[in-house]
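In: requesting a structural model of the entry that follows:
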Amino acid sequence: MSSASEASYPSVEIHHRHGQGAVVILCEHASHHIPACYRALGLAPAHRRSHAAWDPGARGVAVSLSKRLDAPLVASRISRLVYDCNRPPEAESAMPARVEVIDVPGNRGLDAAQRAARVESVYRPFCDAVTEVLAERRARAIPTVLITIHSFTPRFHGERREVEIGILHDADRRLADAMLAQAHRLGQRCIRRNDPYGPEDGVTHSLELHGIGQGLANVMIEVRNDLLTTPEDQRGIAEELCRLIHPALATLGVASSPGEGAADA
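Out: As a prediction, this is how the structure comes out:
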């Protein structure tokens, strides 16, 4: 990518901005792109495309859900190694110097000005986009819940993770409870609450800021990334998730999309 292209490269994308469904979708770790000015953060190519840099398959699931649910989608276009949009600016993990076993040289010893520059170029535009989408929906009196989409590795520090789909929540558990109550619809899947991560791991920033902070029912969905290898896999998982989401929204008294409601359960 040329310097001119990099300079005009937007850090956030909005799909289906004016969708009429009840869901707004976020995908904070949708991209592994590291702008040239960061000199690849000193990482080898394999590390720049690894799970450390993004959530493989998450964007594909999010885009498919956006279409199925008639839902706006806000996605980051910058690697979480530059700035993790699911972390507050004060968190060390917002610009991590090490991720599991991978050192990130370009994140070592960042001073306050360098950190602030990343906040302004990556985090603020993402948050502003979410705020704008939610404000537009409030102005149109569209009932809204918030869903964030992530993926996780089959192994962590060498240990196999049995969970396939994690339904995560913080203090507001309404949507998570409603989805977990429908887990029998995906009897072939290992679905668990707050697994492989939970609030204690610092992963619920977006839920707190954009969901709880706005009074919106919210949930974070984690999918094991070996289930998301191909676009077909990603669309298939999105279809499975809809089998939980549609009846869960009906339980909360919210239509999934225009004309849909409890009858879709």
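
In: show me the helices in the stretch 101-250 of the chain, by range?
Out: 112-118, 124-139, 174-180, 205-206, 231-251 (DSSP state H, counting those that start in this stretch).

In: out of the ones you listed, nearest to residue 76?
Out: Among the helices of the stretch 101-250 of the chain, the nearest to residue 76 by Cβ to Cβ is helix 124-139 (5.3 Å). Placement of C-beta: from N, CA and C, glycine included.

In: adding mean neighbour count and mean pLDDT, write the helices of the stretch 101-250 of the chain out as JSON lines.
Out: Below are the helices of the stretch 101-250 of the chain laid out as JSON lines (neighbours: other Cβ atoms under 10 Å; pLDDT from 0 to 100):
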{"stretch": "helix 112-118", "mean neighbour count": "13", "mean pLDDT": "98"}
{"stretch": "helix 124-139", "mean neighbour count": "16", "mean pLDDT": "98"}
{"stretch": "helix 174-180", "mean neighbour count": "21", "mean pLDDT": "99"}
{"stretch": "helix 205-206", "mean neighbour count": "22", "mean pLDDT": "99"}
{"stretch": "helix 231-251", "mean neighbour count": "20", "mean pLDDT": "98"}
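
In: now for these, which one comes closest to residue 26?
Out: Ranking those by proximity to residue 26 (Cβ to Cβ) places helix 205-206 first, at 5.7 Å.

In: what is the burial count for residue 163?
Out: 18 (other Cβ atoms under 10 Å).

In: so how far is residue 64 from it?
Out: 21 Å (Cβ to Cβ, to the nearest Å).

In: on that earlier part again, got CSV for the helices of the stretch 101-250 of the chain, with distance to residue 32 too?
Out: As requested, these are exported to CSV (distance: least, Cβ to Cβ, whole Å):
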stretch, distance to residue 32
helix 112-118, 16
helix 124-139, 16
helix 174-180, 28
helix 205-206, 19
helix 231-251, 16
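
In: which of those helices sits closest to residue 24?
Out: That would be helix 124-139 among the helices of the stretch 101-250 of the chain, by Cβ to Cβ, at 6.0 Å.

In: only C-alpha atoms, please: export the closest one in PDB.
Out: C-alpha atoms of helix 124-139 as PDB (Å, rounded to 0.1, in the frame of the first residue of the first chain):
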ATOM      1  CA  ARG A 124     -11.500   7.300  19.100                       C
ATOM      2  CA  PRO A 125     -12.800   6.900  15.500                       C
ATOM      3  CA  PHE A 126     -14.100   3.400  16.400                       C
ATOM      4  CA  CYS A 127     -15.900   4.700  19.500                       C
ATOM      5  CA  ASP A 128     -17.200   7.700  17.600                       C
ATOM      6  CA  ALA A 129     -18.600   5.400  14.800                       C
ATOM      7  CA  VAL A 130     -20.400   3.200  17.400                       C
ATOM      8  CA  THR A 131     -21.800   6.300  19.200                       C
ATOM      9  CA  GLU A 132     -23.000   7.800  15.900                       C
ATOM     10  CA  VAL A 133     -24.800   4.600  14.800                       C
ATOM     11  CA  LEU A 134     -26.400   4.200  18.200                       C
ATOM     12  CA  ALA A 135     -27.500   7.900  18.200                       C
ATOM     13  CA  GLU A 136     -29.100   7.600  14.800                       C
ATOM     14  CA  ARG A 137     -31.100   4.600  16.000                       C
ATOM     15  CA  ARG A 138     -32.200   6.400  19.100                       C
ATOM     16  CA  ALA A 139     -33.400   9.200  16.900                       C
END
